[in-house]
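Asker: Mind folding the following:
(2 chains)
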Amino acid sequence: MDSLVVSNIRQRPLRSAISILGVALGVALVMLFTGLARGMSDDLQKRSSNVTAEIIFTRPGSTQLIASSANVSTKYVALLQQIEGVESVSPVIRHVYPSGSFGFDQVEGVEWDGFSKMNNIRLIQGHPPTGPDEILIDETKASRNHPVGSTLKVFGDKLYRVAGIYAPESGARVKMTLAALQDALEAPNKCTFIYVKVKNPSEQLAVAKRINEALPGNKIQPTRELFATIENSIPGLKVFLRMLVVLAAIVSALVIMLAMHTTITERTREIGILKAMGASRAYIIGEIEREALLISFLGLLVGFALAGIGGFGIHKATGLIFEFGARWALTAAAIGLIGGALGALYPAARAANLDPVNALAYE
Amino acid sequence: MATILKADNLEKVYRIGKVDVPALRGVSLAVQEGEFVAVMGPSGCGKSTMLHLLGGLLTPTKGRILIDGEDLTAASDAKRTDIRRRKIGFVFQRFNLFPTLTAEGNLRLAERIHGNGADDPDRRLEILRMLHLEDKMHHKPLELSGGEQQRVALARAVVNRPAIVLADEPTGNLDSENSELVLKMFRELNDRFNQTIIMITHNPEAAAACQRIIQMRDGHIV
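Answerer: Residues are numbered from 1 along each chain as shown, chains lettered A, B, ... in the order given. I've put the predicted structure just below:
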């Protein structure tokens, strides 16, 4: 029976290829979208985990995923430094701006010496920015053909020169001096938030409480909460991904259903012959399901390949990060196979119930 | 010899729209094991309907069919399919081979449908050799002549040692030379293996090869 399944698929190569591609499309879509969400989320998490300051001092509404404002006075830097348990503080001004890669990007203005020391970040090439038109970038940004000495637009039309490359990646990929960004945003003596590093990490809650008592009316939160996952920042994303999975399953099922329906119509007489030979209903359904599953399996492999190639190509072109995980790969595989099996069920049942005499007479 | 097929007072009425069309009007026959029987008659006399009833592809409006002791008419669709699988082999006028499978592949398919894990390459080779097809084992139907295709169909019908072979105009699409060859194979199966064969034919020469000829007219055996 396996040879009949394989030979049937080979007999109609174009239709088989289209059916395989239909399944592959659903699989690839699931893999690409979930890979993108996961890649971006993990990248954001990775960069946030490289910020060793435990507390962020800010104002309500100053930071969102795709927006930020400089509404914290830098006068709080000195005040925070005096609070018991605080080891060091570093003001950061963050600007979110429209960008071609994913619609938005970020740049941070920092006092490099204090910031880098606090977060154990080092320069691996070049030197710290000395002027208002110099920036530092991380390795990922540098890998997109931005070596030390090159220029690039960060926001607006002004060109900035890459003075150095830092590692590990931390927060925004592009950093400039605090003063330069304050100037550019016309926000003198302002920042978006202030990192606070405590002397004893086990006492960070106590220090946070002291800060809140000393400087009420502000927002004090653990650093890790600022860099929320992409899914938490965009609540609809989880729903979107689930809907995508459902749609992919439906696409796979419909493609297979149409392919099997056409196949069965063309092979009505063959089904009649099978019945004349004594093939049971279960046998006929099994044959059609096996053919559908084989097409789905091939679609799965092509889908994985397309996702890999697509993800690589998109990453090269745009810098977007994809991370393909086993869980979503299994989900995509299940979608392809189950969708295919379910899609073939109705045509298979119809085939099994064909009248053998009429089927044998079919032209 | 034992009676391998018994049909009692078979009637078959087709409902076409609002009209009842009687195809069989009370046919009774008995076939002994090892008999080679021809069924002849003009077009529309009910030959094919009777063959389909005997093969369990249709259910009669009235009457009873026993195949090797098993009641076909009282059986459910699944049971009829099971009896057909175990007891009956079909040969059709249009060969009805699977075009994507080789000659051996068609026989193998029959074995698989038969079930019980049957996979007997020696048996397949024996059958194909007997039908002078051993050189054509790996050829697909489109690579075979009409006579060769019909012999492959015959091989497929007998590979599982059915109690009865039902042949519907097996030489209808063949020239005289190939017809003679196929009929010779039928006779050989009957002679060597005591295979019971019921064959519908328009061809008097084909009927002459049989041990008994049943004449039908207007849904009756005459």
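
Asker: how about B:Asn9, phi and psi?
Answerer: phi 50, psi 50 (degrees, to the nearest 10).

Asker: A:Cys191 too?
Answerer: Here A:Cys191 shows phi and psi, under degrees, to the nearest 10, equal to phi -150, psi 180.

Asker: which residues sit in contact with the closest residue to it other than its chain neighbours?
Answerer: Closest residue to A:Cys191 apart from its sequence neighbours, by Cβ to Cβ, 6 or more residues apart in numbering or on different chains: A:Pro91 at 4.0 Å. Heads up, the C-betas are built off the backbone N, CA and C, glycines and all. If a contact means Cβ atoms under 8 Å, 6 or more residues apart in numbering or on different chains, then A:Pro91 has A:Val72, A:Thr74, A:Val77, A:Val110, A:Glu111, A:Leu178, A:Cys191, A:Phe193, A:Ile194, A:Tyr195 as its contacts.

Asker: can you tell me which of those lies nearest to B:Tyr14?
Answerer: A:Phe193 (86.1 Å; Cβ to Cβ).

Asker: Pretty sure A:Pro60 is one of the things the closest one touches, is it not?
Answerer: No: look at A:Phe193 against A:Pro60 with Cβ atoms under 8 Å: they stay out of range, at 11.4 Å.

Asker: Just the buried residues of stretch A:301-310, please?
Answerer: A:Val302, A:Gly303, A:Phe304, A:Leu306, A:Ala307, A:Gly308, A:Gly310 (16 or more other Cβ atoms under 10 Å in any protein chain shown).

Asker: sorry, that was for stretch A:49-65
Answerer: A:Asn50, A:Val51, A:Ala53, A:Glu54, A:Ile55, A:Ile56, A:Phe57, A:Thr58, A:Arg59, A:Ser62, A:Thr63.

Asker: Serialize those residues to JSON lines and add fields for distance to A:Phe33.
Answerer: As requested, those are arranged in JSON lines below (distance: Cβ to Cβ, whole Å):
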{"residue": "A:Asn50", "distance to A:Phe33": "27"}
{"residue": "A:Val51", "distance to A:Phe33": "28"}
{"residue": "A:Ala53", "distance to A:Phe33": "33"}
{"residue": "A:Glu54", "distance to A:Phe33": "34"}
{"residue": "A:Ile55", "distance to A:Phe33": "35"}
{"residue": "A:Ile56", "distance to A:Phe33": "31"}
{"residue": "A:Phe57", "distance to A:Phe33": "36"}
{"residue": "A:Thr58", "distance to A:Phe33": "32"}
{"residue": "A:Arg59", "distance to A:Phe33": "35"}
{"residue": "A:Ser62", "distance to A:Phe33": "31"}
{"residue": "A:Thr63", "distance to A:Phe33": "26"}
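
Asker: gap between the residue nearest to A:Cys191 and A:Leu330?
Answerer: Distance, A:Pro91 to A:Leu330, using Cβ to Cβ, to the nearest Å: 46 Å.

Asker: can you tell if stretch A:12-21 touches chain B?
Answerer: No: interface with chain B: stretch A:12-21 contributes nothing (Cβ under 8 Å from any Cβ of the partner chain), its closest point being 9.9 Å away.

Asker: for A:Pro129, helix, strand, or coil?
Answerer: The three-state label given to A:Pro129 by DSSP: H, G, I helix; E, B strand; the rest coil is coil.

Asker: For it, which residues are in contact?
Answerer: A:Trp112, A:Ile135, A:Leu136, A:Ala163, A:Gly164, A:Lys175, A:Met176, A:Thr177, A:Ala180.

Asker: ditto for B:Gly63
Answerer: B:Ala7, B:Asp8, B:Asn9, B:Leu10, B:Glu11, B:Gly26, B:Val27, B:Thr73.

Asker: And the next helix or strand past the host helix or strand of B:Glu180?
Answerer: For B:Glu180, the enclosing helix or strand under DSSP states H and E is helix B:176-193. Once helix B:176-193 ends, the next helix or strand along the chain (criterion: DSSP H and E) is strand B:196-200.

Asker: Could you quantify the relative orientation of that next one and helix B:176-193 as an angle?
Answerer: 160 degrees (axes from the mean of the first three to the mean of the last three Cα atoms, to 10 degrees).

Asker: Would you mind pulling up the elements that the helix or strand that strand B:196-200 is followed by packs against?
Answerer: The helix or strand immediately downstream of strand B:196-200 is helix B:204-208, counting by DSSP H and E. Contacts defined by 3 or more Cβ pairs under 8 Å, 6 or more residues apart in numbering or on different chains; DSSP states H and E place helix B:204-208 against strand B:36-40, helix B:176-193.
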